[in-house]
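Q: this one's structure only:
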């Protein structure tokens, strides 16, 4: 994640976003698109496997200026297709809507990664979104075990219904945390979102790079003892 600061070039006033990092071009954050990626600071949940663990602190200020991001987006007109806002949890920041509008005014598409924690903040964004990657962390009964905060899946499922109702293309992703989830859990999630109309459902492996060190240690110990790992389950999907 790039953390450089803007040049002295005068730019219009811009939204106050707490930006933790910026990637000028990525082919993996939006399926089928070459997009810039803006990493927003802070997340209300504490998922152990989060590979952006270092930017989840909601009280930590951003280190990249929005003007710097705009400079790079302007310089890449015609090269990139869109911008993905990710995090942390981007929808927790009230300035996100203004930033999304600014990106649309540049003629770029807008993608969003979200855990769906704030359906009421997601709703105003819907007219401007071209694609969303929504994390459904677990079955409702296991949400607290994964997030350490959310007691159920009510908010994420409300967010999913909003996206589907607005006909925003959405990919639902579940990270298979073997310390909490098993094959039956993943099948239950797939069934639940499928009944709502989701056709793009992806199961992801845990990536240890960037995760909470305590979680990384626990998962490594589990993997050394377990007879079955995520690799045994994921090929089914």
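A: Cool, got the structure. What you see is a predicted model, and the numbers here were worked out from it, not measured in a lab.

Q: quick check: phi and psi at residue 19.
A: Phi and psi for residue 19, reported as degrees, to the nearest 10, are phi -100, psi 120.

Q: these two touch, right, it and residue 42?
A: No. Using Cβ atoms under 8 Å as the test, residue 19 is too far from residue 42 to be in contact (10.7 Å). In this view, the C-beta of every residue, glycine as well, is placed from N, C-alpha and C.

Q: neighbour count: these two, which is higher?
A: Neighbour count, other Cβ atoms under 10 Å: between residue 19 and residue 42, residue 19 has more, with 26 against 20.

Q: tell me the contacts of the more buried one?
A: Counting by Cβ atoms under 8 Å, 6 or more residues apart in numbering, residue 19 makes contact with 38, 39, 40, 41, 62, 63, 64, 65, 66, 69.

Q: now tabulate these in a markdown table and tack on secondary structure and distance to residue 47.
A: Putting these into a markdown table (DSSP: H, G, I helix; E, B strand; the rest coil; distance: Cβ to Cβ, whole Å) gives the following:
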| residue | secondary structure | distance to residue 47 |
| --- | --- | --- |
| 38 | strand | 20 |
| 39 | strand | 16 |
| 40 | strand | 16 |
| 41 | coil | 16 |
| 62 | coil | 21 |
| 63 | coil | 22 |
| 64 | strand | 23 |
| 65 | coil | 28 |
| 66 | helix | 27 |
| 69 | helix | 26 |
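
Q: looking at the residues you listed, which is nearest residue 136?
A: Ranked by distance to residue 136 (Cβ to Cβ), the contacts of residue 19 are led by residue 40 at 20.2 Å.

Q: if that closest one is in a bridge, with which residues?
A: Judged by DSSP bridges, the bridge partners of residue 40 are residue 19.

Q: per-residue pLDDT, residue 2?
A: Confidence at residue 2, expressed as pLDDT, is 45.

Q: ugh, wrong one, I meant residue 228
A: You'll see residue 228 listed with a pLDDT of 64.

Q: over to the one 3 residues further on?
A: At residue 231, the predicted lDDT confidence score is 64.

Q: tell me the phi and psi of residue 208?
A: Per degrees, to the nearest 10, the backbone of residue 208 is at phi -80, psi -20.

Q: from residue 217, how far out is the spatially most central residue of the chain?
A: A centroid search over the chain (Cα atoms, centre = their mean) returns residue 113, at 3.1 Å, as the residue closest to the centre. Using Cβ to Cβ, to the nearest Å, residue 113 is found at 26 Å from residue 217.

Q: measure residue 156 to residue 165 for me?
A: Counting by Cβ to Cβ - residue 156 and residue 165 are separated by 15 Å.

Q: do the same with residue 53
A: 33 Å.

Q: residue 171 and residue 133 touch, don't they?
A: Yes. The criterion here is Cβ under 8 Å, and residue 171 meets it with residue 133 at 5.0 Å.

Q: ok, now which ones touch residue 54?
A: residue 210.

Q: what do you get for the one 5 residues further on?
A: Residues near residue 59 by Cβ under 8 Å, 6+ apart: residue 42.

Q: check what pLDDT it gets.
A: Here, the pLDDT recorded for residue 59 equals 94.

Q: then residue 224?
A: So, for residue 224, pLDDT stands at 83.

Q: just for the chain, where's the confidence low?
A: 1-15, 227-237 (pLDDT under 70).

Q: no further queries at this time; thank you.
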